[in-house]
Structure formats: structure tokens, C-alpha cells
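**Student:** This is a predicted model, with the sequence first.
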Amino acid sequence: MEPTKILLGEEAIPKFWYNILADLPWPLPPALHPKTRSILSPDDLAELFPESLVEQEMSHERFIEIPDEVLEAYRMWRPTPLHRAYRLERSLDTPAKIYYKYEGGNPSGSHKLNTALPQAYFNRLEGIKKLTTETGAGQWGSALSLACSLFDLECRVFMVRISYDQKPYRRILMETWGATCIPSPSQTTQAGRNALQQDPETPGTLGLAISEAIEEALARSDTHYALGSVLNHVLLHQTVIGLEAKAQLASIGVMPDVIVGCVGGGSNFAGLALPFVPEKLSGQKVKMVCVEPIATPSLTKGTYTYDYADTAGLTPLLKMHTLGKDFVPPKVHAGGLRYHGMAPIVSLLYDKGLLEAEAVEQQEAFSAAVIFARTEGVVPAPESAHALRVAINEAMLAKEEGKSKAIILNLSGHGYLDLSAYDAYLKGQIPSKQEA
Ligand SMILES: *Cc1c(COP(=O)(O)O)cnc(C)c1O
């Protein structure tokens, strides 16, 4: 008797990324030049990104090959496990089946390494020596620091001031991997100096840190900029999550009824959900929910319009759901979700009604995360906790309706460097109603 072939280990890592732009029935509104407002050409991006990433940003090819060097780096932790949360299900007494794709199991602790590696690789391939970037909570900065270390690049990270102060361990992690970490706003750039002059006490924003990193990259020809979310090529790289999950679910004969992910710029949600969009477009019923914090409700409260990705207005204009580039989000613990805009691809799909969005209170997110930690063990990143809250709500709804359904959520990262946030929650120091 032939045993059923089950793919394990590196055979299960996708060899291609999936490009949703090949399958969308609607055109994605193009990015516009920040000054002239004409449609952006590949040349306009050449100062910031290597040619190969610019090509990916604008490509309409369905599958884009993952280079061997990147695959080899992915082998450090991919394929990632798809767990069924049996203990969580039991504690909720729900007929729903809850699956989670765990992206926190790599050395940097979040899904961001999926795109940091190819970004570092393609820059190195084209002779770039140094990358600049921004980081909110520090997950992107640490992922890029590790990727730069593996592909032999220098790395300079502008870290949002509030996180720099609240999360010293991520700075230490970045420095351990050889990067330089600068609190933003800083005195080293014009954008930073302007912001400090306006408000010396500002907690900083992701949008402002992006301005600083771009300003520095533009000033040197051997230096490029790397963005951890929002852009098409970032979402593309993250599709390894959904491609793996799809194969893993197929191997046990499951098609999800609900797909859930938290959204900051939209990349981990998109990474899980986009590979399932063709099925949805061809009529399969699957609910896809983006979960954002009440403090930065870019989908549920923002407008769908052209806006800058940064505060100083240096980036191209992107058509997206946005709260406005000058929006300063409240100091929530889920630093990775403190962003004014949303990926153009996620924004378009939401605008067309293909995706749904929910905004969640910080305290509700932590209460879900603690239930999860006490049943499944893993302490989730505060960002991922938002997705968990909605997954648990969906499971409770299934119980009320007396129906079984398959829920899959992206556990985008672990929370072991966010324990002070858990401490605050456990001590009752996180208010239940936030002023957004
Ligand atoms: C950065 C981050 C997010 C938010 O970014 P997306 O691009 O929306 O995925 C969510 N979860 C974790 C763990 C993060 O590090």
C-alpha cells in the first residue's frame, strides 16, 4: 500500500510568491509622483529600491520565483506550523474549529522576516551597501537587522520614540544583529528636526520615521530604503504564509469559512488571505476579516483617497484607506498597528466589499490573548491579539448559532518582548475605553 504523500520540511516551502494583481477583476489605482501627481514610473522608485523590487511592485505576473538564496534563508524556520487550537476550542465550548498559522517562530519573532530577507537579498544583488528603515514596535527593525546581517548589508533603523523608550529589548536585539538604532524624531534629518521643533515631547509616529529613513537613503547612492508593510512587493513576499496554509488545510480537507488577521499596514493579513481570494472571487463563501485597533481605525473610519505613506510627503501618493498623514495615533501597546494608512491592495479589496473590517479595543485584545496563552501556551504579540479577539468572537457566534465552522487566523508574532504590556494589562492598568 502506498502511504499518502505528506509534504514535510523544506519541500513544503512555496517556490513562488503569489501576485494577486494577476487575478483582480479591478485595476489597482496607480501610485502617483509626490510632486507632479503624474502616474509613477519605475524610474521614480529607482533611487529608493533595487530594480528587481520595483519590477515586483508593478508586476502582473501571477507567480514570481523565490530565489534559491532566499529559500535557503526561509529554511531557518519555514514551513511554519498550522496548529489546531483544540484547548482554546474546548475552553470556549465552541463547535468551531480554530486554526492558527504561527509566524512568531523565527529568531526575529514575527512574520516580517518573510519580506526582510528578500528585500536585503535583492538590494545586495544590485550592489547596495546600506539600508535605512523605520520601525514601530521594533519587529520590522529587528527582522531587517537580521536579514542585513545575513546578506552582509549595513542597517540603520529609525525607531518611533515611544517604542524606543517602552521597548528597549528590541533595540538591543537590533544592535546585537549589528544595526544602528536611532529614536525618531531625531536631529539627524530635516524631517526629524522640523518635528522636534514643533513638539519636543512628541512620541513620534511611523509616518515620521519613514520620512527620516527616506531622507537619509535619498542622500546617498550606495543606500536604499526598505519598507516593512503597505507596498505591493511586501504583500507579495508575505504570501508564503497563505500558500503554505492553503496546502496544509487542503491536506486535511479543510476550506476555511473565516480568515482573520490584524492590520497595521496590511501585510500579514494579506499574506494569509490573498492566496484564498481566487476561490472567493469564483464564488466560494469565505469571510475575510481585517482587525484594527480602535485607536487607528484606517479601514473602519478612514477615507479611501490618495495620501502619502509618510508624514513629510516624500513617498509616492498611494490610493488607500487613510486617517491622514498627520494623524498621531494614541500610544497603544500594539505599536505595529499605529499607522495612518493601509496597503493599496487591501484598501481596494475592502472598498469592493471583498474584505470586512472590525476595530477592537486594546483591553479586549489583551483579554483574548490571555485566554489564548492559558490554553495554547504561546503569548501572542499585542498586534496578533487583535486578530485573536475577533477569532474568539467568531467562535462564540458559531456556538450561539449551533454551527461548526473553520476559522483560520494569522498569529503574526510572539509577545515575549512585550511582557511589560501584559504586566500593565494584568495589573488593570489598561483602560477599557480608549479615546481615539
Ligand atoms: C508589524 C506587525 C503587524 C502589523 O503589520 P502588518 O503589515 O499589518 O502585518 C502585525 N503583527 C506583528 C507581530 C507585527 O510585527
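**Tutor:** Ah, there it is.

**Student:** pLDDT below threshold where in the stretch 251-400 of the chain?
**Tutor:** Within the stretch 251-400 of the chain, the set of residues satisfying pLDDT under 70 is empty.

**Student:** Quick check: Leu206 touching Tyr339?
**Tutor:** Yes. Using C-beta atoms under 8 Å, Leu206 is in contact with Tyr339, at 4.8 Å. (C-beta placed from N, C-alpha, C; glycine too.)

**Student:** quick one: common contacting residues for the two?
**Tutor:** Gly136 (C-beta atoms under 8 Å, 6 or more residues apart in numbering).

**Student:** okay, those two: which has more neighbours?
**Tutor:** Ranked by neighbour count (other C-beta atoms under 10 Å), Leu206 and Tyr339 place Leu206 first, with 32 against 26.

**Student:** next SSE after whichever strand or helix holds Lys101?
**Tutor:** Secondary structure assignment for Lys101, by DSSP states H and E: strand 97-102. Downstream of strand 97-102, the first helix or strand assigned by DSSP H and E is helix 113-125.

**Student:** and that next one, which residues are buried?
**Tutor:** Leu113, Asn114, Thr115, Ala116, Leu117, Pro118, Gln119, Ala120, Tyr121, Phe122, Asn123, Arg124 (16 or more other C-beta atoms under 10 Å).

**Student:** what's the nearest residue to the last one if we skip its chain neighbours?
**Tutor:** Leaving aside its chain neighbours, Arg124 sits nearest to Phe151 (4.5 Å; criterion: C-beta to C-beta, 6 or more residues apart in numbering).

**Student:** The one you found and Ala120 touch, don't they?
**Tutor:** Yes. The pair Phe151 and Ala120 passes the contact test of C-beta under 8 Å, sitting 4.2 Å apart.

**Student:** what sits in contact with each of those two?
**Tutor:** By C-beta under 8 Å, 6+ apart, no residue touches both Phe151 and Ala120.

**Student:** quick one, phi psi at Gln363?
**Tutor:** Gln363 has phi and psi values of phi -70, psi -40 when expressed as degrees, to the nearest 10.

**Student:** Contacts only, for the residue nearest to Arg124.
**Tutor:** Each residue near Phe151 by C-beta under 8 Å, 6+ apart is listed here: Glu69, Leu117, Ala120, Tyr121, Asn123, Arg124.

**Student:** redo that, cut-off 7 Å
**Tutor:** Contact analysis of Phe151 by C-beta atoms under 7 Å, 6 or more residues apart in numbering lists Ala120, Tyr121, Arg124.

**Student:** Including distance to Asn268, could the residues you listed go into a markdown table?
**Tutor:** Shown next, in a markdown table, are the contacts of Phe151 (distance: C-beta to C-beta, whole Å):
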| residue | distance to Asn268 |
| --- | --- |
| Ala120 | 19 |
| Tyr121 | 20 |
| Arg124 | 25 |
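
**Student:** for those, which one is nearest Asn194?
**Tutor:** Minimum distance to Asn194 across those is 30.0 Å, recorded for Ala120 (C-beta to C-beta).

**Student:** if I look at that closest one, how far off is the ligand?
**Tutor:** According to C-beta to the nearest ligand atom, to the nearest Å, Ala120 and the ligand sit 17 Å apart.

**Student:** Surely that residue and Glu154 touch.
**Tutor:** No. Using C-beta atoms under 7 Å, Ala120 is not in contact with Glu154, being 10.8 Å away.

**Student:** Can you verify my assumption that Glu368 contacts Ala387?
**Tutor:** Quick fix: residue 368 is Ala, not Glu. No. Counting by C-beta under 7 Å, Ala368 sits too far from Ala387 to count as a contact (8.7 Å).

**Student:** Have a look at the two and say which one is more surrounded.
**Tutor:** Ala387 (32 against 23).

**Student:** and that one, what element?
**Tutor:** Per DSSP H and E: Ala387 is located in helix 382-401.

**Student:** and the next element down the chain from that helix?
**Tutor:** Downstream of helix 382-401, the next assigned helix or strand under DSSP H and E is strand 406-411.

**Student:** Next SSE downstream of that next one?
**Tutor:** Taking DSSP H and E, what comes next after strand 406-411 is helix 419-426.

**Student:** Which other helices and strands does that following helix contact?
**Tutor:** The contact analysis (3 or more C-beta pairs under 7 Å, 6 or more residues apart in numbering; DSSP states H and E) places helix 419-426 against no helix or strand.

**Student:** ok, that helix near the ligand or not?
**Tutor:** No. Contact between helix 419-426 and the ligand is absent, the nearest approach being 12.5 Å (criterion: C-beta under 6 Å from any ligand atom).

**Student:** Tell me what angle that helix forms with helix 382-401.
**Tutor:** Angle, helix 419-426 to helix 382-401, by axes from the mean of the first three to the mean of the last three C-alpha atoms, to 10 degrees: 40 degrees.

**Student:** returning to what we had before: which among the contacts of Phe151 gets closest to Glu361?
**Tutor:** Of those, the one sitting nearest to Glu361 (C-beta to C-beta) turns out to be Ala120, at 36.5 Å.

**Student:** distance between the helix or strand encompassing Val240 and the chain's centre?
**Tutor:** For Val240, the host element (DSSP H and E) is helix 232-251. Centroid displacement of helix 232-251 relative to its chain, using C-alpha atoms, centre = their mean, to the nearest Å, is 13 Å.

**Student:** do stretch 254-263 as well
**Tutor:** For stretch 254-263, the distance to the chain centre is 15 Å (C-alpha atoms, centre = their mean).

**Student:** Stretch 142-162 too?
**Tutor:** Mean-position distance between stretch 142-162 and its chain equals 16 Å (C-alpha atoms, centre = their mean).
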